[in-house]
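Undergrad: Let's see this in three dimensions:
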Amino acid sequence: MALIDDLKDGVGGIFAESWQHRGGRVVPDPEDLALGNEAVEFDRATVLYADLVGSTDLVDTKKWHFSAEVYKTYLYCAAKLIREEGGAVTAYDGDRVMGVFIGEMQSTPAARCALKINYAVQQIINPALKAQYPNSTYTVKQRVGIDTSPIRTARTGVRGGNDLVWIGRAANHAAKLAALSGDKSTWITEDVFKQLNKVAKYGGVNDTLMWDKYTWNAMGNQTIYGSDWWWTI
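TA: Numbers count the residues shown, from 1 in each chain. As a prediction, the model looks like this:
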């Protein structure tokens, strides 16, 4: 069969095939779903995106091995912390990692994870980088975005090269929040903020609110919250 016929058949089949779906209790692995139109749905899941800031300039101006070490140390810490907080690492995309949190208590551990990632960057990665490269002026900067919503996941790709795709507001908005500019290391939606326990809202000896309120003009003037606090590991 010619390639164009193969593509037409594949696309037509995806659009025409009925969807089979089931409720999810755990984050699935790709092999848990068929490549056809099968989906696992969650009434609510909290999605976290952790993303390096300025990675294009990093690879354009630094030696490849230096860039690789920055990528690897950041993604290592972020992934370890996602799992330590009960989330599932669902995807790596260049310089960023996606985590999904489900269950009764999901937004609080996701937010706590983001604050711990900030701690890891400020108190572990950057000091280690400076110790290894004392003449370097480079500082690792990063940003985490978090949203929560109903979400579905399906297996996509071709045989021998496939992964899960997450369909729902939380995945898209978390990724966009991680790309925001500004001096905050963590951005969350109002829905996430409303789900947070007190311990994830207030910090310090005086129980200071750790989140500042903003309007997200680019996304329909939504209310979002930003923080530059960290959570000691």
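Undergrad: for the protein, what spans make up the strands?
TA: 20-23, 38-52, 88-93, 96-101, 142-158, 161-167, 186-189, 202-203, 208-209, 212-216, 222-227 (DSSP state E).
Undergrad: Can you give me the buried ones in stretch 186-201?
TA: For stretch 186-201, the neighbour count (16 or more other CB atoms under 10 Å) marks Thr186, Trp187, Ile188, Thr189, Asp191, Val192, Phe193, Gln195, Leu196, Ala200, Lys201 as buried. C-beta here means a position set from N, CA and C on the backbone, and glycine is covered the same way.
Undergrad: Export the residues you listed to a markdown table and append columns for distance to Gly36.
TA: Shown next, in a markdown table, are those (distance: CB to CB, whole Å):
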| residue | distance to Gly36 |
| --- | --- |
| Thr186 | 38 |
| Trp187 | 36 |
| Ile188 | 35 |
| Thr189 | 32 |
| Asp191 | 32 |
| Val192 | 33 |
| Phe193 | 38 |
| Gln195 | 34 |
| Leu196 | 38 |
| Ala200 | 39 |
| Lys201 | 43 |
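Undergrad: which one of those sits closest to Gln142?
TA: Nearest to Gln142 among the buried residues of stretch 186-201 is Thr186, at 9.6 Å by CB to CB.
Undergrad: Excluding residues flanking it in the chain, which one is nearest the closest one?
TA: Ala114 (4.3 Å; CB to CB, 6 or more residues apart in numbering).
Undergrad: Return the distance of the one you found relative to Gln122.
TA: 13 Å (CB to CB, to the nearest Å).
Undergrad: Can you tell me which of the buried residues of stretch 186-201 comes closest to Met210?
TA: Closest to Met210, out of all of those and judged by CB to CB, is Lys201, at 6.5 Å.
Undergrad: Can you verify my assumption that that closest one contacts Leu209?
TA: Yes - counting by CB atoms under 8 Å, Leu209 is a contact partner of Lys201 at 6.3 Å.
Undergrad: The closest residue in space to Gly86 that isn't next to it in sequence - how many residues pack around it?
TA: Nearest residue to Gly86, sequence neighbours excluded (CB to CB, 6+ apart): Pro109, at 5.3 Å. For Pro109, the neighbour count with other CB atoms under 10 Å is 22.
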